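**Q** Kindly generate the corresponding structure for this input.
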Amino acid sequence: MRLLSVLRRALTLRCPRCGGSRLFTGWVAMARACALCGLRYERAQGYWVGAIYVNYGVTTVIALLGFFLTWPRWSMRAELVVWGTFVVVFPVWFFRYSRSLWLAVETLVNPEL
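**A** Numbers count the residues shown, from 1 in each chain. Predicted structure coming up:
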């Protein structure tokens with residue numbers, strides 16, 4: 001039950017501990033801590049490197065699956081245009097979610113921080 005509630009909060013960009021406040025104050029500006037429970041969002045310098053891995057991994061899996069599922073039917077030019085555009089645009093859009101998911105995983109692994 002805890003795993004599902006933390007992941008649901010991560011996907012709605014809310015605090016993974018209490019779900020009471022939003023993680024972001026703008027498109028890329030993230031609050032320092034939860035206004036309700038006090039959970040610090042950035043725990044150390046370089047903390048978000050893990051979120052970069054999440055973003056890269058999700059982007060790569062989707063692009064490769066998409067490429068191989070459409071490969072016999074689409075021309076190579078169409079593949080490059082579609083999936084090349086995807087790997088540039090998707091990570092920018094998914095940035096906030098990768099940070100939120102990384103924070104959720106960290107909260108599940110180390111809940112007392």
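
**Q** for this protein, what's the longest helix?
**A** Secondary structure of the chain per DSSP state H: the longest helix is helix 76-109.

**Q** quick one: it to chain centroid distance?
**A** When distances are taken as Cα atoms, centre = their mean, to the nearest Å, helix 76-109 is centred 7 Å away from the chain's centroid.

**Q** Pull out the buried positions in that helix.
**A** 79, 83, 90-91, 94-107 (16 or more other Cβ atoms under 10 Å). No exception for glycine: its C-beta is placed from N, CA and C like everyone else's.

**Q** cool, stretch 22-38 as well?
**A** Buried-residue list, stretch 22-38, by 16+ other Cβ under 10 Å: 23, 30, 34.

**Q** Now do the contacts for the residue nearest the centre of the chain.
**A** In the chain, the C-alpha nearest the mean C-alpha coordinate belongs to residue 98, at 1.3 Å (Cα atoms, centre = their mean). Shown in contact with residue 98 (Cβ atoms under 8 Å, 6 or more residues apart in numbering): 51, 52, 54, 55, 58.
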